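[1] no FASTA, just this:
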């Protein structure tokens, strides 16, 4: 029997529902649809030829390459870390478990700019290990390694935070049964654990990839803003905008918008797959 309170909660007057829907739609339109339309409208303001020239500019292509390279290194490493950390946290109780969970959440609480400054303090010319690194001919800050490290730092919670609650809710009964039946640890992971977590893992990978490609603050600090060498897409957009090349800036920014939309679609598809029985 349905409780009266439950009926009352779902039988609001039509005008109330319409107002709530209008507020939600208006908010989304004002803060999501309108800015997106403005980005693409400004990017195409001078026609497709100007749009294409901004995209195929050698400096823009270098920024695109660097963005995908940094994400291509950071995401697989975060996948490995996320699986290992979630396995350890969900399956075992050990000293320092709560500390590990806190550390995983740390990048979500620390400003990306502060994270970039930490790498400067560590690997900069006058940093803690910067002189030793320089003496061995290794360049981290204002080079690709620093950009990759900053990207890894700001993105490593995403895979782990998706898998930890998923693996905890699933329990370890199936893995234990597989081991009792003679499966090795690797066989248990590949044939039992991985199929169970694959959609949650893909969900985390999508979020991690989107965050890696759109990162600005931490990468801005450690990159040095060297055109054609250490500028990622977000940094290239900033430089173009500061130099009043608005159409080119919005053209490059539209690439990030497209990547964000693709990530949202992929996220929604995966979420529906997870929710389906």
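    Sure, I can see it. This one's a predicted model, so the numbers in the text were calculated from it and none came from an experiment. Numbering: from 1, shown residues only.
[2] please count neighbours and contacts with C-alpha atoms only from this point.
    Fine.
[3] point out where the protein drops to low pLDDT.
    Within the chain, the segments meeting pLDDT under 70 span 1-11, 274-277.
[4] okay, now the domains of it?
    1-43, 47-275 (automatic domain parsing).
[5] looking at the ones you listed, which is buried most?
    domain 47-275 (a mean of 18; mean count of other Cα atoms under 10 Å).
[6] give the contact list for residue 188.
    175, 178-179 (Cα atoms under 8 Å, 6 or more residues apart in numbering).
[7] what would the residues you listed look like in JSON lines with distance to residue 125 and secondary structure?
    What follows is the contacts of residue 188, written out as JSON lines (distance: Cα to Cα, whole Å; DSSP: H, G, I helix; E, B strand; the rest coil):
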{"residue": "175", "distance to residue 125": "49", "secondary structure": "helix"}
{"residue": "178", "distance to residue 125": "52", "secondary structure": "helix"}
{"residue": "179", "distance to residue 125": "51", "secondary structure": "helix"}
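[8] closest one of those to residue 158?
    Minimum distance to residue 158 across the contacts of residue 188 is 24.2 Å, recorded for residue 175 (Cα to Cα).
[9] now do the same contact list for that closest one.
    188-189, 192-193.
[10] one more: residue 267?
    By Cα under 8 Å, 6+ apart, the contact list for residue 267 reads 203, 206-207.
[11] identify the residues contacting stretch 36-50?
    Stretch 36-50 has contacts (Cα under 8 Å, 6+ apart) with 51, 246-254, 257.
[12] hmm, 6 Å instead?
    Here stretch 36-50 makes contact (Cα atoms under 6 Å, 6 or more residues apart in numbering) with 51, 247, 250-251.
[13] cool, stretch 80-91 as well?
    159-160, 163-164, 167-168.
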